[in-house]
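Enquirer: How does the following fold in three dimensions:
(one chain, ligands or ions: 1)
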Amino acid sequence: MAELILNQVSKYYGQSAAVKQLSLTLPEGEFIALLGPSGCGKTTTLRMLAGFETLSEGQIHLNGNCLARPGWQVPTESRNMGMVFQSYALWPHMSVADNVGYPLRHRGIRGQDYQQRVKDALQIVQLEGLTQRMPQDLSGGQRQRVALARCLVTDPDVVLLDEPLANLDRHLRASMEESFREFHQRTGATLVYVTHDQSEAMSLADHIAVMHQGELVQWATPESLYQTPRTDWIASFIGQGSIVHLPGVKSGVSLSQTELTQLSQAAHPSQTTPVLIRPEHIRLHLPDAAQHHTQYETQSESRLDAKVERCVFRGERHEIQLRLPTGESLTGYHPQGVTEGSVIQLSLLQGWSLESAA
Ligand SMILES: Nc1ncnc2c1ncn2[C@@H]1O[C@H](COP(=O)(O)OP(=O)(O)OP(=O)(O)O)[C@@H](O)[C@H]1O
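Expert: Predicted structure coming up:
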């Protein structure tokens with residue numbers, strides 16, 4: 001099967017490593033996100049895939065062929081990869097059609113073949129009506145789509161996208177996310193998408209590579225990253241959640257309501273394991289809220305007392321910060337607000353135990 005493989009890839013700038021021993025197999029045709037905070041090595045990884053950076057260690061293979069190793073690499077223009085930058089990098093003096101056709105002209109493609117391929121690429125990004133416009137007369141989202149069409153026109157095996165939505169406002173980001181999804185479905189190309197925005201990665205990608213300080217810390221589907229993050233660092237980077245420290249628990253296991261209640265009431269020894277509790281796994285028992293939960297709740301459900309430290313209205317729900325008698329804090333959601341300073345009861349329905357990141 002045709003895959004893009006990074007094998008123990010490192011990149012050093014002087015003494016400091018931007019990327020360390022990165023091994024990844026990116027399945028053909030998948031939408032893959034490289035996700036991590038600023039400075040974790042995402043862009044450097046993308047630039048090594050594109051051929052803009054040399055490798056200090058390791059190899060990159062595409063479809064079984066070596067693309068790069070230290071001291072040798074296939075030039076960017078021979079990799080059959082498309083790249084879309086944050087800045088779009090459109091030629092300001094060329095029309096939409098000429099910008100899109102540029103890579104074809106560069107390869108000596110002319111005539112009917114040229115016209116047809118430009119037309120097809122513009123059709124995929126739904127810009128057929130704007131072929132003669134200049135880039136400065138387009139909206140941010142339209143420019144983005146021209147950049148996508150331009151990288152698509154050469155029918156690349158792999159499309160590399162570096163924070164393509166970073167400069168757009170929230171509404172445009174949502175509609176562009178939809179364009180990326182469609183673009184991926186129509187082309188079937190392998191997409192490698194760099195972002196520091198976890199919600200963007202979660203909503204778009206088939207698989208996410210989470211990077212931290214130049215290293216791969218987890219490779220997983222969005223669902224399993226959310227439900228079973230490996231470390232406490234990943235858990236707090238992906239989605240909302242609280243981390244409590246419980247004694248006598250192995251890492252990487254799911255904890256039931258009974259286990260969570262018993263453990264969170266236990267005296268606190270020095271040996272504890274971080275346990276992730278997502279807000280949707282905290283049931284709040286508010287005095288007037290019986291109607292919200294009666295269909296799920298059982299009389300035997302174990303409850304803990306917690307003090308309400310903060311309650312913030314978020315539109316569709318309230319976000320409630322709580323403190324347990326052990327001193328640990330939790331974040332829960334509820335449709336109804338609650339008075340700050342009051343003591344309420346809650347049940348912990350489910351938890352996931354983590355490794356502690358060094
Ligand atoms: N040309 C360079 N020379 C020296 N250091 C560099 C160079 N390029 C990147 N770095 C360093 O390598 C590390 C990783 O940078 P990189 O741009 O890959 O991170 P990133 O995850 O893409 O960050 P961001 O989201 O802020 O773009 C950073 O510490 C950065 O300062």
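
Enquirer: any chance you could map the helices in this protein?
Expert: Here the chain has its helices, by DSSP state H, at 42-50, 96-106, 111-124, 140-152, 170-187, 198-204, 222-227, 232-237, 257-265, 290-293.

Enquirer: Of all these, which one is nearest Tyr12?
Expert: Within these, the stretch nearest Tyr12 is helix 42-50; the backing value is 10.3 Å (Cβ to Cβ). To be clear about C-beta, it is placed using only N, CA and C from the backbone, and glycine gets the same treatment.

Enquirer: do that closest one and the ligand meet?
Expert: Yes - counting by Cβ under 6 Å from any ligand atom, the ligand has neighbours in helix 42-50: Lys42, Thr43, Thr44.

Enquirer: So which of the residues you listed wins on neighbours?
Expert: Lys42 (26 neighbours; other Cβ atoms under 10 Å).

Enquirer: I'd like to know how far Val19 sits from the ligand.
Expert: 7 Å (Cβ to the nearest ligand atom, to the nearest Å).

Enquirer: Can you give me every residue that contacts that residue?
Expert: Contacts for Val19 were tallied using Cβ atoms under 8 Å, 6 or more residues apart in numbering; they are Val9, Ser10, Lys11, Gly41, Thr44, Thr45, Met48, Gly214.

Enquirer: So what sits opposite the third one in the bridge?
Expert: Listed beta-bridge partners, Lys11: Val19 (assigned using DSSP bridges).

Enquirer: what about Gly82, neighbour count?
Expert: Neighbour tally, Gly82, other Cβ under 10 Å: 25.

Enquirer: Give the closest residue to it in space, chain neighbours not counted.
Expert: Cys151 (2.9 Å; Cβ to Cβ, 6 or more residues apart in numbering).

Enquirer: And the residue of the stretch 101-250 of the chain found nearest the ligand, what's its pLDDT?
Expert: With Cβ to the nearest ligand atom as the measure, His196 is the residue of the stretch 101-250 of the chain nearest to the ligand, at 4.9 Å. Model confidence at His196, given as pLDDT, is 91.

Enquirer: Quick check: it touching Leu34?
Expert: No - shown here, His196 and Leu34 do not form a contact pair, counting by Cβ atoms under 8 Å, at 9.7 Å.

Enquirer: So which of these two has more stuff around it?
Expert: It is Leu34, of His196 and Leu34, that has more neighbours when counted by other Cβ under 10 Å, with 29 against 18.

Enquirer: Tell me if I'm right that that one and Met48 touch.
Expert: No - in this structure, Leu34 is not within contact of Met48 by Cβ under 8 Å, at 11.4 Å.

Enquirer: ok, Lys20 - contacts?
Expert: With contacts defined as Cβ under 8 Å, 6+ apart, Lys20 is in contact with Ser10, Gly41, Gln213, Gly214, Glu215.

Enquirer: and if we set it to 10 Å?
Expert: 8-12, 41, 56-57, 211, 213-216 (Cβ atoms under 10 Å, 6 or more residues apart in numbering).

Enquirer: Check Gly82 too.
Expert: Neighbours of Gly82 in contact, by Cβ under 10 Å, 6+ apart: 50, 103, 147-161, 187, 189, 191.

Enquirer: Name only those of the residues you listed that count as buried.
Expert: For the contacts of Gly82, a burial check counting by 16 or more other Cβ atoms under 10 Å picks out 50, 103, 147-154, 156-161, 187, 189, 191.

Enquirer: Of the contacts of Lys20, select the buried ones using a ChimeraX command.
Expert: A single ChimeraX command is used to select the members of the contacts of Lys20 judged buried by 16+ other Cβ under 10 Å:
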select :9,10,11,41,56,57,211,214,215,216
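
Enquirer: Switch the contacts of Lys20 over to CSV; also include pLDDT.
Expert: Putting those into CSV (pLDDT from 0 to 100) gives the following:
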residue, pLDDT
Gln8, 98
Val9, 98
Ser10, 98
Lys11, 98
Tyr12, 97
Gly41, 96
Ser56, 98
Glu57, 97
Met211, 97
Gln213, 96
Gly214, 97
Glu215, 97
Leu216, 97
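
Enquirer: among the contacts of Lys20, which are within reach of the ligand?
Expert: For the ligand, the contacts drawn from those by Cβ under 6 Å from any ligand atom are Gly41.

Enquirer: wait, what's in contact with the closest residue to Ala89 other than its chain neighbours?
Expert: Across the structure, with Cβ to Cβ, 6+ apart as the measure, the residue nearest Ala89 apart from its sequence neighbours is Ala147 (7.0 Å). Contacts for Ala147 (Cβ under 10 Å, 6+ apart) come out as 82-90, 99-100, 125, 135, 161, 164.

Enquirer: got the residues of helix 42-50 next to the ligand as JSON lines, with distance to Ser329 columns?
Expert: What follows is the residues of helix 42-50 next to the ligand, written out as JSON lines (distance: Cβ to Cβ, whole Å):
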{"residue": "Lys42", "distance to Ser329": "31"}
{"residue": "Thr43", "distance to Ser329": "35"}
{"residue": "Thr44", "distance to Ser329": "36"}
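
Enquirer: for these, which one is nearest Leu330?
Expert: The nearest member of the residues of helix 42-50 next to the ligand to Leu330, counting by Cβ to Cβ, is Lys42 at 31.4 Å.

Enquirer: Spit out the contact partners of the closest one.
Expert: With contact taken as Cβ under 10 Å, 6+ apart, Lys42 is in contact with 18-19, 33-36, 162-163, 192-196, 209, 211, 214.

Enquirer: Okay, now the unreliable bits of the chain?
Expert: Within the chain, the ranges that satisfy pLDDT under 70 run 1-2, 167-168, 266-269, 288-301, 357-358.

Enquirer: Thanks a lot, see you next time.
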